[in-house]
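# Predicted model follows, preceded by the sequence.
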Amino acid sequence: MADFASLLTGSIASLVAVWLGSRFAEVKRVREQVWDRKAAAYSDILDALNEMRRYLELAYQDAIFRHDRDDEDTNRRVTIYRTAMDQLGKTTFRHSWILPEAAHDCVMRLEAALRADYQSAEDSLDASSYACKNTLRELQAIARSDMAEPTIFERIGFAFSRRTPPRADEPHK
């Protein structure tokens, strides 16, 4: 009887160890996939914002210093700007399920600033460039806090729960 009890205890302990190991591995895999997707989304968004900022600064300098650009150069710049705006909107929308609400709000504020009416083209370019720079800084800060690694205690606690990983804008309980 003692042999059976030790065999049963050993078997149960082995099963628990295997289950724990597989649970920790699954949680780690899911976290890494989410992290990779977030990193790609933030990279695409920041690249688009940087292209938009570059275009707006060049256009502002051209307007202030009255530089005349040929149509081909102007069309090329406008195409790059519009492509960056499309990329920003599509990436933000496509990854809205994984990015925090603050990132989405930041992009929405930028879009509102870009649509605003101004007295002159120079004022519009200046305000748009400023809004783009601020959005870039804000999103970099949001990305840093969102992409920070959780502590070991948070990881262990999550491994035993059945819930999905928390979003960055959810309050910690």
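Received it, and whenever you're ready, just let me know what you need.

# what's the longest helix belonging to the chain packed up against?
For the chain, the helix that runs over the most residues, judged by DSSP state H, is helix 2-64. Helix 2-64 is packed against helix 71-94, helix 101-115, helix 121-146, helix 152-159, with contacts defined by 3 or more CB pairs under 8 Å, 6 or more residues apart in numbering; DSSP states H and E. For glycine as for every other residue, the C-beta is placed from the backbone atoms N, C-alpha and C.

# and of these, who's closest to Phe4?
With CB to CB, the closest approach to Phe4 among the helices and strands packed on helix 2-64 belongs to helix 152-159: 32.0 Å.

# as a whole number, average confidence for that closest one?
Mean pLDDT, helix 152-159: 61.

# Then stretch 92-99?
90.

# just to revisit the earlier point, tell me which of the helices and strands packed on helix 2-64 approaches Ala40 most closely.
The nearest among the helices and strands packed on helix 2-64, by CB to CB, is helix 71-94 at 8.9 Å.

# residue ranges with poor pLDDT in this structure?
1, 150-173 (pLDDT under 70).

# Mind doing that once more with 90?
Counting by pLDDT under 90, the chain contains low-confidence residues at 1-11, 13-35, 58-78, 96-97, 114-126, 146-173.

# so what's the residue most central in space within it up against?
Centroid check for the chain by CA atoms, centre = their mean gives Tyr42 as the closest residue, at 3.4 Å. When the contact criterion is CB atoms under 8 Å, 6 or more residues apart in numbering, the partners of Tyr42 are 99, 103, 139, 143, 146-147.

# what's next to stretch 116-133, contact-wise?
For stretch 116-133, using CB under 8 Å, 6+ apart, the contacting residues are 49, 52-53, 56-57, 59-60, 63-64, 109-110, 113-114.

# Sort out which of those are buried, if you could.
49, 52-53, 56-57, 59-60, 63, 110, 113-114 (16 or more other CB atoms under 10 Å).

# Switch those over to CSV; also include distance to Leu15.
Below are the buried ones among the contacts of stretch 116-133 laid out as CSV (distance: CB to CB, whole Å):
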residue, distance to Leu15
Leu49, 51
Met52, 56
Arg53, 56
Leu56, 61
Glu57, 63
Ala59, 66
Tyr60, 67
Ala63, 72
Leu110, 53
Ala113, 58
Leu114, 59
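
# quick check, nearest of those to Asp71?
Distances from Asp71 to those, taken by CB to CB, are shortest for Ala59, at 14.4 Å.

# What sits closest to that closest one if chain neighbours are left out?
Using CB to CB, 6 or more residues apart in numbering and skipping residues adjacent in sequence, the residue nearest Ala59 is Leu125, 5.3 Å away.

# how many neighbours does the one you found have?
A count of nearby residues for Leu125, using other CB atoms under 10 Å, gives 21.
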